[in-house]
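Colleague: how would this look folded up:
(one chain, ligands or ions: 1)
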Amino acid sequence: MTLNNEKALVLFSGGQDSSVCLAWALSKYERVETVSFNYGQRHVIELECRRRILDLIPIQFPLWGERLGKDHLIEVPALSQISTSALTADQEITIDPDGLPTTFVPGRNIIFLSLAAAIAYQREARHIIGGMCETDFSGYPDCRDDSVKAMQVALNLGMDARLVIETPLMWLDKAETWALAYALGQDPLIQLILEETHTCYLGERSVRHSWGYGCGECPACVLRKRGYERYMEG
Ligand code: ZN
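Modeller: Just a heads-up that it's a prediction; the model follows:
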């Protein structure tokens, strides 16, 4: 199996972080495909946002549009079947005594990375790009740098491949992620992220704040709001 060094597969959920990752990949690689997973998350609004972003990129960023290839939407119904997380069940979002948010879906990123690697392998894409981040940490252990690196080793051994999992946001805080977005696509990309990306755990999109849409109260909104405010101050 020869993997193409100029080809990347982006884990693209339609959220702020994965949108910045998509822009990063489009500015770096000649051919970029996207993948997302429908796993019975409570709010499929994220999937609608991602579709709109994919449609808008060729219009607003023609050079990136030429590089944007196939989109893979993978159904993973097993995750909600085996999970009691607040992301897949009607459950309150809190922090449990171990410091883990109730939005944690155990094994989710491990499963997603495995599926992404299987797709990348068959599409001959060397690079897998994910928005995992250890700074401004949401407390998900499978987003840690060591977890991701361990997955890369396991997947390459298991598939006899030399895939590279890249996480451009790993050591950035949320303000720095906005700054990266600006560096990649200036104001048009900032506007696209503000208007079209979805972050809110409650699926709220009726109110437009300075930092985008959301309830403004859930942990994901608070993180996004603080990051944007710090970015604007800086
Ligand atoms: Zn929210």
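
Colleague: could you point out the helix or strand that follows the lowest-mean-pLDDT helix or strand in the chain?
Modeller: Ranking every helix and strand in the chain by mean pLDDT, DSSP states H and E puts helix 78-82 at the bottom, with a mean of 82. Next in sequence after helix 78-82, counting helices and strands by DSSP states H and E, comes helix 108-123.

Colleague: now that following helix - C-alpha only, PDB.
Modeller: Taking C-alpha atoms only, helix 108-123 is exported to PDB below (Å, rounded to 0.1, in the frame of the first residue of the first chain):
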ATOM      1  CA  ARG A 108     -15.700   7.400  21.000                       C
ATOM      2  CA  ASN A 109     -12.500   8.900  19.600                       C
ATOM      3  CA  ILE A 110     -10.800   5.600  19.600                       C
ATOM      4  CA  ILE A 111     -13.600   4.200  17.400                       C
ATOM      5  CA  PHE A 112     -13.700   7.300  15.200                       C
ATOM      6  CA  LEU A 113      -9.900   7.200  14.700                       C
ATOM      7  CA  SER A 114     -10.100   3.500  13.800                       C
ATOM      8  CA  LEU A 115     -12.800   4.100  11.200                       C
ATOM      9  CA  ALA A 116     -11.000   7.200   9.900                       C
ATOM     10  CA  ALA A 117      -7.800   5.200   9.500                       C
ATOM     11  CA  ALA A 118      -9.700   2.400   7.600                       C
ATOM     12  CA  ILE A 119     -11.000   5.100   5.200                       C
ATOM     13  CA  ALA A 120      -7.700   6.900   4.900                       C
ATOM     14  CA  TYR A 121      -6.000   3.600   4.100                       C
ATOM     15  CA  GLN A 122      -8.400   2.700   1.300                       C
ATOM     16  CA  ARG A 123      -8.400   6.300  -0.100                       C
END
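
Colleague: run through the neighbouring helices and strands of it.
Modeller: In this structure, helix 108-123 packs against strand 4-11, strand 31-38, strand 68-75, strand 125-129, helix 145-159, with contacts taken as 3 or more Cβ pairs under 8 Å, 6 or more residues apart in numbering; DSSP states H and E. C-beta: built from backbone N, CA, C; applies to glycine.

Colleague: against which helices or strands is the longest helix along the chain packed?
Modeller: When the chain is parsed with DSSP state H, its longest helix is helix 174-196. For helix 174-196, the packing partners by 3+ Cβ pairs under 8 Å, 6+ apart come out as helix 16-28, helix 45-60, strand 212-213, helix 219-233.

Colleague: with mean pLDDT and mean neighbour count as extra columns, can I get the helices and strands packed on helix 108-123 in TSV?
Modeller: Shown next, in TSV, are the helices and strands packed on helix 108-123 (pLDDT from 0 to 100; neighbours: other Cβ atoms under 10 Å):
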stretch	mean pLDDT	mean neighbour count
strand 4-11	98	21
strand 31-38	95	21
strand 68-75	96	14
strand 125-129	98	24
helix 145-159	97	15
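
Colleague: correct me if wrong: residue 159 contacts residue 117.
Modeller: Yes - counting by Cβ atoms under 8 Å, residue 159 touches residue 117, with 6.7 Å between them.

Colleague: surely residue 151 touches residue 113?
Modeller: Yes - with contacts counted by Cβ under 8 Å, residue 151 reaches residue 113, the gap being 4.9 Å.

Colleague: please enumerate the shared neighbours of the two.
Modeller: residue 165 (Cβ atoms under 8 Å, 6 or more residues apart in numbering).
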